[in-house]
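Visitor: Below is the sequence, then the predicted model.
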Amino acid sequence: MILHPWILGLIVGHSALLLIFSLGVINAWQIFRGWDYNSSEEKQFLLEKKTYLISTVMNFTLFTQILMLFLFEMAADELANILPGAMCAVGTLSSNSYGFPLLNLKIISGFVCFLWLMFNFLDNQMETYPLVQKKYLVLMLIYPLAVTETILLFMFASDLDPSVITSCCGSVYNEGTEGLGASMAGASAGFILPLFFSIVTLLLLNRFVPRNAAMRQLGNIFEVLLWIAFFITAIAVIISFVSTYVYEMLSHKCPFCFMGAEYHHYGVLLYLFLFIATAAGMTGGLMGRVKGKGLRVKGEGEALAEKAGLFQKKMNAVSLWTMLAFVVTGFLPFVIYYMKTGALISHQ
Amino acid sequence: MTYGTWFEKQRNIIDYSLQSLLRRRIRNILIMIIFILLVFAVSSILFITGALTREMMITSSSLPDITVQRIMGGRQANVPASYISEIEDIPGVEAVETRVWGYFYLTALQANFTIYGMDLNLLEEGEYQKIVNWKNTPGHAEKNPDFRMIVGQGVSELLRDIQMENTYLFYQPGWQKPIPFDIIGTFKTETELQSNDMMILQTRGARQVLELPPDEFTDLAVYVPNPEETENIALKIRRYFPELRTITRAHIQNTYSSVFGWKSAFALSSMLAAIFAFLILIWDKASGLSLEEKREIGILKAVGWDTDAVLSVKLWEGLIISGISSLTGILLAYAYTYWLRAPGLREIFVGWSSVYPPFRLTPDADPKFLLLIITIAVLPYLAVTVFPAWKAAITDPDTIMRNI
Amino acid sequence: MAGPVVETINVTKTYNHGKPNHVTALRDASLQIDEASLTVLKGPSGSGKTTLLSLIGCQTKPTRGKVTIMGKTVSKLPEKFMNLHKRKHIGFIFQHFQLIGGMSVLDNIVLPLIPEGISPKERNRRADRLLEQFDLTHRRQFKISNLSGGEQQRVAIARALINNADILLADEPSAHLDSGLTSDLLDYVRHLKQSGHTILITSHDPAVYQNPIVDRIFEIKDGRIASS
C-alpha cells in the first residue's frame, strides 16, 4: 500500500459514494415495493416525497461515480512516477492483477450510470412519475456493480508495491506478450478497420432506414448493442492503428501515453468524442425503446413517448456528430503522416 | 408572463446569492480568512512536493544508469580498479566510468560540501565551457594545475563572505599542512539543487584532499544503453560481487518520489486535523442554520421558489466563498513557494542538514495539482454547507413558518 | 372557468406523525370555492384554518386527500410542477408578513420573480406599478426593518400580486391593523374581487367576516369544517 494523496483521495471518495449509494438503495426498495400512484393515502404521499429526495441524491452519486473514472486514470498516471518500470498509467494498472479489471469495470459502470441518469432525467420531466418503479429496480441492479468496484479498488490499492517492477506499455501492448492488450496490438489494421467501418455503416443504416413500429423496437435494442460493439472496436482501432501514426512507430501502441502534454493531449480529445458518442448513442436507443413502449399506453403514455422522442432526437444528433468527430480525429494522425511522408507504416 | 432562459435564471440566482452573502458580511469574511489559510497550507505542501520532484527528475536524468559502490563492514569503502574490466565484460554494459568524489567538512564555513574530482581541462573546452563563469586571472592554468577548482553558486557566495573567493585552504586535523586550491570559476546552473554545494577539484588534487589511494575510486558509474536490461545487470553485479552495492537511477527517482509523496501525504494528514476542525466548525454553524437563514429559505419556498432554486443559491454562495478563498490561497501559496522559496516548509522537505545553501524552486502550474486542491478544498466545503441547507430546502414552507 | 376554482376533498393533515407531539390539524375537510368570490374561513386560533389555507396555497401537501386548483390536482404533483402551478395562479399573504428584513422593499416584492429568469428591468417595472398602487414609492429602497406594520402589510400584499395571480390567499390580514387600515384593506379586497380575483381569507375578526362583500363563510372548529 502506498501512502499517497491520490490513493487516499480515491479510497475516501469511493467509500463515501458507496455509503450514499447504499442508503439510496434501501429507499429505492421501499419505493419500488409500495408505489401506487393513484392512491391519495398517507403512505403514497410519503413515497412521493422520498422519490424526490432519492432521485436527487442518486443523480449526484452516479454523476460523481462517472467522474471517478477520470480521477482514477489521472491517479494511475501520477502513481506511475513512483512505481519502478512504469512510464504511464499502463504501468500502474499492470502492476497488479486488479488494475485493468478495475478500469474496465469502471468504464462499464460509467456508461450504466450515465444511462440511469438519463432515464431519471426523463422521469423527472413527467408529472405522473411514470418510470418510477422501473428506474429504482434498475438502480438496485446497478448497486452490485458499485460494490464490486469499491472492493476492487481496495484490493488494487493495497496490492500496490513500489518495490515491485511493473511492465510499461511497451510490453503490455506488444504482440509478443500474452494478454488482451497484446492481442489488440497484434490485430492488424487491415482486419480491424473494415470491421470498425462495418459497424459504423450498420449504425447509420439502423438510424436512417425507415421501417415499421415492431422493427423499430428491435432496432432500438440493436442500436444499443451496436454502440457497445462500436466502443470495443474503436478501442481496438486506437491501439492497433491510430497509435501507430500518433507515435510514428510500430512498436509503441499505448492508448494512454498520447493523452499527455507531449502529444498535445490528443488522446483526451479522441476519448472525449468516443465516450460521448457511445453514451449518447446508447441513450438514444434507450429513449427509442421508452418511446415505443409509451405509445402503447394511452394518455400519460403518449406524453411520455413525446418527451422520450424529443430526447432521442437530441441524443441521436449528438452521437452522430461526435462519432464523426471521433473518426476524423482518429484518422488525423494517419493523414498527417501520409501527407508528410507519402508512405504507410507497416511491418518491414 | 415572460419567462427567461436558463442563463437568465442562473444570472438572477447568482445575483441573489451575492446579495445574500453581503447581508451576512462579517461572518462570511471570517470564514474566508480561515479558508484561505487552510488552502494556502495545503497548496504550499503540494507545490513544494511537485517542485522538488521536478528538480529531482531533472537532476537525476544525468545520473548513471547504475552506480556501483563497495561496502565493507557496513560502510562505503573505496572501489579498487580491478573491478572495472570484470563489470565491463557483462553483456549489455556499454561503459564503466570511474568517479572520484566525497564529502568534506569546511571548518571555515562549518558545513559539509561535496567534492568531485575531474579533469578541469575538459571543462575548459567544448560545450561545458558555457556552464562556468570563468575567473579571468592570467596564468591560472600554469601555476598549480593539480590544485584548481570550480565551485557552485552557493559555495562561492559563502566563500565571498569570508573573503576566500580566490583561494581556499583545505585542512583536516592530522594533516601536516593545508592544501591550497585556486578557484578558477563558478557554475552558472539551471538547477541549483545539484551544483550549489559542489566543488569540482582537479582529479589529482581531489585525491589528495579525499585521501584516496592512486588505484582506487570512490565508486563506479555503469552505463547501460537498454533500460530494460538495467535491473538485470545490476542483479548480476551483485551476484558476482556480493560486496558491491548497486543503485539504479530509476530506483533513486522512485525513492525520492516516494519520499516526497510520503512527506506530502504525511504533512497533509497532519493537516487533516485542522481541516476537520474547520469543517466541523462550518457544519456547526450551518447545520443549526441560523434561525434567520432557515426562515429565509422558508419564505423563498413559500413564494414559489423550487427546491432547486433555493439550493442553487446556497450552492453559489458556497462556490463564491470557497472559490475566492481557494484562488486566493493558491495564489498566496504560489508566491510563498516560488517567490519566497517556502521558508519553513522547505527545511521539512529537503534538509538533512540545516545549513543548506539556498536554491531556487522552479514554478509549474500543473492542472492536476489545481484539480486536487479544488477537490480537497471546495467539495468538502460545499458538502458541509449545502447539505444542511438541503435539509431546510426540502421542508415544506408551511412547516418552517410554523416553527418560527 | 366552469367548476370550482379551488376544491378540497376529504383532506387530512397531521404534523409530527408518529412522534409524541403528533397533532391532527385538519380532518376530512372538503370544500369548494367559486371564481371571483370572497370566502372567509372563520374559527378560533388553533382550529386548523391556517392549515387549510396552507394546503390550498400549495405550501404543504396533505397527509390524505385531494386538493385541486384551477382544475389540476396539485396534491399529487411533483414539487416542480406544483410550484409552477402555484407561481402561476396563487398569491399568498402571511399572517406575520414573512418579509426578509435585511432586504429592501423593492427586492422583497420581486422575490417570486427571480427564479423565473425575468430580467431586472422587467421585474422593476412591475414592482414600480404595484409600489405606486400601494403608495409605497417613497419607500422603494428602504429596508423592511425600517417600515411600520401597515407599510409592511402593503409590501406583503404587493408581493402576492407581482405574478398576476388569479387566487389570493390571506392569513389573518387584519391582525396587525387598526380599524381604519382594516377598512382600507377591505376596500382593496373588493376592488380585487371585482377585477376577477378569487379571494380566500382566514379571520376571526368580525369586521372582516361580517362585511357584506363576503360571499361565503366556512366555520372551522377542531380541525373540521363545521358549517358553511
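Guide: Looks like it came in fine.

Visitor: now the residue nearest to residue C:133 when sequence neighbours are not counted: how far from residue C:205?
Guide: For residue C:133, ignoring the flanking residues on the chain, the nearest one in space by CB to CB, 6 or more residues apart in numbering or on different chains is residue C:158 at 7.6 Å. C-betas here are computed from N, CA, C, even on glycine. Counting by CB to CB, to the nearest Å, the separation of residue C:158 from residue C:205 is 22 Å.

Visitor: the more surrounded of the two?
Guide: residue C:158 (24 against 18; other CB atoms under 10 Å in any protein chain shown).

Visitor: Can you name the residues that contact the more buried one?
Guide: Counting by CB atoms under 8 Å, 6 or more residues apart in numbering or on different chains, residue C:158 touches C:109, C:127, C:130, C:131, C:133, C:134, C:136.

Visitor: Out of these, name the ones that lie in helices.
Guide: C:109, C:127, C:130, C:131, C:133 (DSSP state H).

Visitor: what about residue 225, neighbour count?
Guide: Because you didn't say which chain, this covers chain A. Residue A:225 has 14 nearby residues by other CB under 10 Å.

Visitor: my bad, the chain I had in mind was chain B
Guide: 11.

Visitor: Just the pLDDT for it.
Guide: Residue-level confidence at residue B:225 comes out at 89, pLDDT.

Visitor: Surely it and residue B:94 touch.
Guide: Yes. Contact criterion CB atoms under 8 Å: residue B:225 and residue B:94 qualify, at 5.0 Å.

Visitor: Get me the contact residues on chain C for chain A.
Guide: C:17, C:61-66, C:75-81 (CB under 8 Å from any CB of the partner chain).

Visitor: Repeat that for chain B.
Guide: Selection of chain B residues close to chain A by CB under 8 Å from any CB yields B:46, B:53, B:231, B:250-251, B:253-254, B:257-258, B:261-262, B:264-266, B:268-269, B:307, B:368, B:371-372, B:375-376, B:394.

Visitor: In helices, which of the residues of chain C next to chain A fall?
Guide: C:79, C:80, C:81.

Visitor: The last one: what's it in contact with?
Guide: Right, residue C:81. Neighbouring residues of residue C:81 by CB under 8 Å, 6+ apart: residue A:127.

Visitor: Pull up the gap between it and residue A:267, please.
Guide: With CB to CB as the criterion, residue C:81 and residue A:267 are 44 Å apart.

Visitor: And the residue of chain C closest to chain B?
Guide: Closest residue of chain C to chain B, CB to the nearest CB: residue C:117 (2.4 Å).

Visitor: That residue and chain A, how far apart?
Guide: 18 Å (CB to the nearest CB, to the nearest Å).

Visitor: With residue B:302 instead?
Guide: Residue B:302 is 18 Å from chain A, by CB to the nearest CB.

Visitor: what are the ranges of the strands in chain B?
Guide: Taking DSSP state E as the test, the strands found in chain B are B:66-72, B:75-77, B:79-80, B:95-106, B:111-118, B:132-134, B:148-151, B:167-170, B:179-187, B:198-202, B:216-217, B:219-223, B:244-248.

Visitor: Would you mind giving the ones you listed as a markdown table with distance to residue A:119 and mean neighbour count added?
Guide: Putting these into a markdown table (distance: least, CB to CB, whole Å; neighbours: other CB atoms under 10 Å in any protein chain shown) gives the following:
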| stretch | distance to residue A:119 | mean neighbour count |
| --- | --- | --- |
| strand B:66-72 | 58 | 18 |
| strand B:75-77 | 67 | 11 |
| strand B:79-80 | 70 | 16 |
| strand B:95-106 | 65 | 16 |
| strand B:111-118 | 65 | 19 |
| strand B:132-134 | 69 | 15 |
| strand B:148-151 | 70 | 25 |
| strand B:167-170 | 78 | 18 |
| strand B:179-187 | 65 | 20 |
| strand B:198-202 | 65 | 25 |
| strand B:216-217 | 71 | 20 |
| strand B:219-223 | 60 | 20 |
| strand B:244-248 | 53 | 19 |
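
Visitor: among the ones you listed, which gets the worst mean confidence?
Guide: Mean pLDDT is lowest for strand B:132-134 among the strands of chain B, at a mean of 73.

Visitor: Strands of chain C, start to end?
Guide: C:6-15, C:23-33, C:38-42, C:64-69, C:72-73, C:90-93, C:167-171, C:198-203, C:216-221, C:224-227.

Visitor: Give me the residue at the spatial middle of the chain.
Guide: Since you didn't name a chain, this refers to chain A. residue A:111 (3.6 Å; CA atoms, centre = their mean).

Visitor: wait, I meant chain C there
Guide: residue C:169 (2.3 Å).

Visitor: about what we covered before: now render the residues of chain C next to chain A as TSV, adding pLDDT and distance to residue A:32.
Guide: Converted to TSV, the residues of chain C next to chain A look like this (pLDDT from 0 to 100; distance: CB to CB, whole Å):
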residue	pLDDT	distance to residue A:32
C:17	75	22
C:61	89	21
C:62	90	24
C:63	88	23
C:64	89	23
C:65	90	25
C:66	91	25
C:75	88	22
C:76	84	19
C:77	88	21
C:78	87	18
C:79	85	21
C:80	86	22
C:81	89	22
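
Visitor: Can you get me a residue count around the nearest residue to residue B:396 once chain neighbours are set aside?
Guide: Of all residues not flanking residue B:396 in the chain, residue C:60 sits nearest, at 4.0 Å (CB to CB, 6+ apart). Look at residue C:60: counted by other CB under 10 Å, it has 20 neighbours.

Visitor: State the distance from residue C:60 to residue A:130.
Guide: From residue C:60 to residue A:130 the distance is 25 Å (CB to CB).

Visitor: go on, residue C:5?
Guide: When residue C:5 is compared with residue A:130 (using CB to CB), they lie 28 Å apart.

Visitor: For the residue nearest to residue B:396, give me the pLDDT.
Guide: In this model, residue C:60 carries a pLDDT of 88.

Visitor: Contacts only, for it.
Guide: Neighbours of residue C:60 in contact, by CB under 8 Å, 6+ apart: B:396, B:397, B:398, B:399, C:13, C:54.

Visitor: How much space separates it from residue C:81?
Guide: From residue C:60 to residue C:81 the distance is 16 Å (CB to CB).

Visitor: How about residue A:91?
Guide: For residue A:91, the distance to residue C:81 - CB to CB - is 53 Å.

Visitor: Go ahead and confirm residue B:315 touches residue B:381.
Guide: No. In this structure, residue B:315 is not within contact of residue B:381 by CB under 8 Å, at 11.0 Å.

Visitor: Residue B:107: how many residues sit nearby?
Guide: Residue B:107, neighbours per other CB under 10 Å, totals 12.
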